[in-house]
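Asker: Pasting the sequence and the predicted coordinates here, then a few questions.
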Amino acid sequence: MVRIDDVIDAYLTARPDADISKIQRAYIYSSKQHQGQLRKSGEPYMIHPLAVALIIAEMGLDEASICAALLHDTIEDTGTTRQGLAELFGEDVASLVDGVTKLSGVNFNKREQRQAESFRKLLVAMSNDIRVLLVKLADRLHNMRTLEHMSESARERIALETREIYAPLADRLGIDWLKSDLDDLAFMHLEADKYNELASSVEKTNKERKAYIERTIADLRGFLEDAGFEIKVTGRLKNFYSIYKKMQAKSLGYKDVHDAIAFRVICKTLQDCYAILGLVHSRWVPVPGRFKDYIAMPKANHYRSLHTTVVGREGERVEIQIRTQKMHEIADAGIAAHWSYKEGSLPDGSAKSFAWLREMLESQNDVRDSVEFLETVKVDLFRDEVFVFTPQGDVKSLRRGATPLDFAYTIHSEVGNHCSGAKVNGVQVPLRTELRNGDMVEVTTSKNQRPSPDWLEMAVSSRARNKIRSYLRTEQREQSRRVGQDLLERGLRKFGCSFSRFLKQGEVERVAKEMRYPSVDDLIAAVGYGKVEKEEVIDRLLPEERKTKPPTEVKEGRLEKVFRRVSKNDDGIVLDGLDNLLVRFARCCSPLPGEDIVGYVSRGRGIVIHRRNCARAAALDPERRTRVTWSRKAVSQRPVQLRVTTGNRAGMLAALTEVFKNNRISIESAHCTTNGRNRGINNFTFMVKDLSQLNELIKGLKQTKDVIEVERVNY
């Protein structure tokens, strides 16, 4: 059991002359506030804050961080307030505790929304002070170490959140040991059988592995010291989850994983790193394609090291990492290795280190809701990186699979929005071209170029996709506003009135307030979208004496002509009480019974049915629009296309088709490929009867293991 003396001893190891009085006061205060509270294990609650504080102290963090660790649950679980903490321990500590505290006092409809809002708050807090995240990670680590006392559903939920969010965050901060611990603990609770099976296999060969590690260390130390290098050599078995992922990716058994052992050579200088690499390659045969130079091109978290895989002793493949002592400290402890707070500011050099954090924070401005925001964060946290160059020689880190379009948006959102072409290594290429390490990328722009829905198929980074979606939504809203104003103007003209005059007189603003719309533009756009009928707005605008005046006579129009053409087939569409109309369903959006729809009168081909939110429908002549609904007998089968992005593993396609089978849906066609990033892209075409059947299918697909994304696509 952790004691406060253990925490103080760990703190004083890094700061022998530090004042510990505030830490002692924080411990006493937290103990009183949590008095009588118990953990799920039945132990006193104070065990948890002490354990978190010890982790923070061992990371070498400052006094305020340790105090925050001791107090991190007081606002949420006791009567303590932020103001009270600020008065007792200072604004610095109070701000940290408030940042770590989960969002409370707000009612959400779904757990996912609550989780997303909590993470959004954490992201904002840690962008101001990264210590918030470090305390949160320490809190999560201890909770994962004691997760066995929770219910099965809670264990699964917390472990999945740890794998998807907190382990990648630890990786982004460069804290290797913390990421490995979180990954292994999540693995143990999410896939207990496989974890235990792997642990048993490791245990059986443990003695043999240790002997091999000792022999290889002796070999490395021998020929490197003979060459005059001052070095330290260590060896270890990789963490369980990384071994398991390798087994899954290559469909291997544990005995067939040849590079499960990693060795580290720590030397004195950068020049020694490259000299040692050459000596190792001259001694043992390097495996082609398995050399990585993270010294010349560091990871986003400032990780620097040389990695090579060689065929070592006894024909065994082993990974060897070569780095200096300073590189090693940063690789193991990340940001905590060079902690240097000055009046609460971020560590030196943080501007470049936390560019990813600023990008994630900026992205929240371009998404519609918290759950969507959290999904984009998960994509960014899990990304593998590719490094490319600007024409000026600057290095840009992008998600693996990124295209010139993603590159353009990393320069600036306006460069992305007006990107008209790209050159890679001096050669003109399509915007959907996948970039590779070392490419030099140059983009061209045009003031007439604008994002289109097709761009969402070309971009892979969440930043680019969010910017494109934001632009398209803004454009669609503006287009709907113009359509709505045109509809209202034409509608009022029949009564001898002018919509523009009503605008100037403030009458439209009055109607907007009556109908509870935030602004006049919101009301007009709602008419353009079809969410509000223009007749309802016109009725509220017209004076009583004008309402009695009959509208201007109009000739029999296209709509009446369509009424005369009756189809023998029942497509389940009703227009003003009339069914059995001559209709066609738009292939661009393929509407299903149950979805909001709108009809457009076509030239001689009846009424074309679109989904209400279809971008192409919004661009059509508003005079051709007509209100349509589904009839109760709308049960005809309709074609749908889904794109399912998955991990690339054996049996994945069989698992997906099983979901279709369980939902009694026959697949008309399937096109399945890989994208070179260990991802499977599966396009399915099939028939469904209505929206509820489609939603059930999508739900089942999303719950399938290794499914990353399910999206409905247009023809």
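Answerer: Great, that's in hand. Quantities reported herein were computed from a predicted structural model and do not represent experimental measurements. Numbers count the residues shown, from 1 in each chain.

Asker: now the spatially closest residue to Arg3 that is not a sequence neighbour: how far from Val527?
Answerer: In space, and not counting its chain neighbours, Arg3 is closest to Leu50: 7.1 Å by CB to CB, 6 or more residues apart in numbering. For every residue, glycine as well, the C-beta is placed using N, CA and C. Distance from Leu50 to Val527, counting by CB to CB, to the nearest Å: 61 Å.

Asker: Quick check on those two: which one has the bigger neighbour count.
Answerer: The neighbour comparison of Leu50 against Val527 (other CB atoms under 10 Å) goes to Val527, with 25 against 21.

Asker: For this protein, name the helix or strand with the lowest mean pLDDT.
Answerer: Ranked by mean pLDDT, DSSP states H and E, the helix or strand of the chain with the weakest confidence is helix 558-564, at a mean of 42.

Asker: thinking again about what came up before, tell me which other helices or strands the helix or strand harbouring the residue nearest to Arg3 touches.
Answerer: Here Leu50 sits within helix 47-58, counting by DSSP states H and E. Judged by 3 or more CB pairs under 8 Å, 6 or more residues apart in numbering; DSSP states H and E, the packing partners of helix 47-58 are helix 4-14, helix 21-33, helix 63-71, helix 131-145.

Asker: Can you pull the phi/psi pair for Arg482?
Answerer: phi -70, psi -40 (degrees, to the nearest 10).

Asker: Not counting residues beside it along the chain, what's closest to it?
Answerer: Gly528 (7.0 Å).

Asker: Next, count neighbours for the one you found.
Answerer: Neighbours around Gly528, by other CB under 10 Å: 26.

Asker: now do the one 10 residues further on
Answerer: Ile538 has 22 neighbours, counted by other CB under 10 Å.

Asker: Please apply the same query to Gly651.
Answerer: By the criterion of other CB under 10 Å, Gly651 has 11 neighbours.

Asker: for it, phi and psi?
Answerer: In terms of degrees, to the nearest 10, the main-chain angles of Gly651 are phi 90, psi 0.

Asker: let's number from 4 now, not from 1
Answerer: Got it, the first residue is 4 from now on, which makes the last one we talked about Gly654.

Asker: And the pLDDT at it?
Answerer: Each residue has a pLDDT score; the one for Gly654 is 84.

Asker: cool, and Glu517?
Answerer: 89.

Asker: I figured it was touching Val540, is that so?
Answerer: No. Checked against CB atoms under 8 Å, the pair Glu517 and Val540 is beyond contact range at 10.0 Å.

Asker: neighbour-wise, which of these two wins?
Answerer: Val540 (26 against 11).

Asker: host element of the more buried one?
Answerer: helix 537-544.

Asker: List of residues touching that helix?
Answerer: 487, 490-491, 494-495, 498, 500, 502, 505, 510-511, 514, 517-518, 526, 530, 550 (CB atoms under 8 Å, 6 or more residues apart in numbering).

Asker: what do you get if the cut-off is 10 Å, keeping everything else the same?
Answerer: With contacts defined as CB atoms under 10 Å, 6 or more residues apart in numbering, helix 537-544 is touched by 487, 489-495, 497-498, 500, 502, 505-506, 508, 510-511, 513-515, 517-518, 526-527, 529-531, 536, 549-550, 625, 628, 630.

Asker: Just the residues you listed: which are in helices?
Answerer: 487, 489-495, 502, 505-506, 508, 510-511, 513-515, 517, 526-527, 529-531, 549-550 (DSSP state H).

Asker: where does the stretch 304-453 of the chain have low pLDDT?
Answerer: 304, 337-388 (pLDDT under 70).

Asker: so where do the strands sit in it?
Answerer: 309-314, 320-327, 388-392, 398-402, 422-427, 430-432, 444-448 (DSSP state E, counting those that start in this stretch).

Asker: From the contact counts, what lies against the shortest one?
Answerer: Read that as strand 430-432. Judged by 3 or more CB pairs under 10 Å, 6 or more residues apart in numbering; DSSP states H and E, strand 430-432 is in contact with strand 422-427, strand 444-448.

Asker: if you set the cut-off to 7 Å instead, what comes out?
Answerer: The elements that strand 430-432 packs onto, with contact taken as 3 or more CB pairs under 7 Å, 6 or more residues apart in numbering; DSSP states H and E, are strand 422-427.

Asker: Check the first one too.
Answerer: Using 3+ CB pairs under 7 Å, 6+ apart as the contact criterion, the secondary-structure elements in contact with strand 309-314 are helix 273-286, strand 288-289, strand 320-327.

Asker: Turn these into TSV, columns for mean neighbour count and distance to Asp229.
Answerer: Shown next, in TSV, are the helices and strands packed on strand 309-314 (neighbours: other CB atoms under 10 Å; distance: least, CB to CB, whole Å):
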stretch	mean neighbour count	distance to Asp229
helix 273-286	16	10
strand 288-289	14	20
strand 320-327	22	17
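
Asker: Dump these into CSV; add distance to Arg641 as well.
Answerer: Putting those into CSV (distance: least, CB to CB, whole Å) gives the following:
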stretch, distance to Arg641
helix 273-286, 60
strand 288-289, 56
strand 320-327, 52
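
Asker: Ok, which of these comes nearest Thr77?
Answerer: Proximity to Thr77, assessed across the helices and strands packed on strand 309-314 by CB to CB, is greatest for strand 320-327 (40.8 Å).

Asker: so where does Phe266 fall, helix or strand?
Answerer: Applying DSSP H and E, one finds Phe266 within strand 264-270.

Asker: what inclination does that strand have with respect to strand 320-327?
Answerer: 20 degrees (axes from the mean of the first three to the mean of the last three CA atoms, to 10 degrees).

Asker: Mind giving me the packing neighbours of strand 264-270?
Answerer: For strand 264-270, the packing partners by 3+ CB pairs under 7 Å, 6+ apart are helix 209-229, strand 235-240, helix 273-286, strand 320-327.

Asker: what about Lys705, how many neighbours?
Answerer: Neighbourhood size, Lys705 [other CB under 10 Å]: 13.

Asker: Show me what the residue lying closest to it once chain neighbours are set aside is bridged to.
Answerer: Beyond its immediate neighbours in the sequence, the residue positioned closest to Lys705 (CB to CB, 6+ apart) is Val713, lying 5.4 Å away. Bridge pairing for Val713 (DSSP bridges) gives the partners Val647.

Asker: Hmm, Gln706 and Val713 touching each other?
Answerer: No. Val713 is beyond contact range of Gln706, at 10.1 Å (criterion: CB atoms under 7 Å).

Asker: Show the contacting residues for the closest residue in space to Thr81 that isn't next to it in sequence.
Answerer: Distances taken as CB to CB, 6+ apart place Gln36 nearest to Thr81, at 4.1 Å, with adjacent residues excluded. By CB atoms under 7 Å, 6 or more residues apart in numbering, the residues touching Gln36 are Thr77, Thr81, Thr83.
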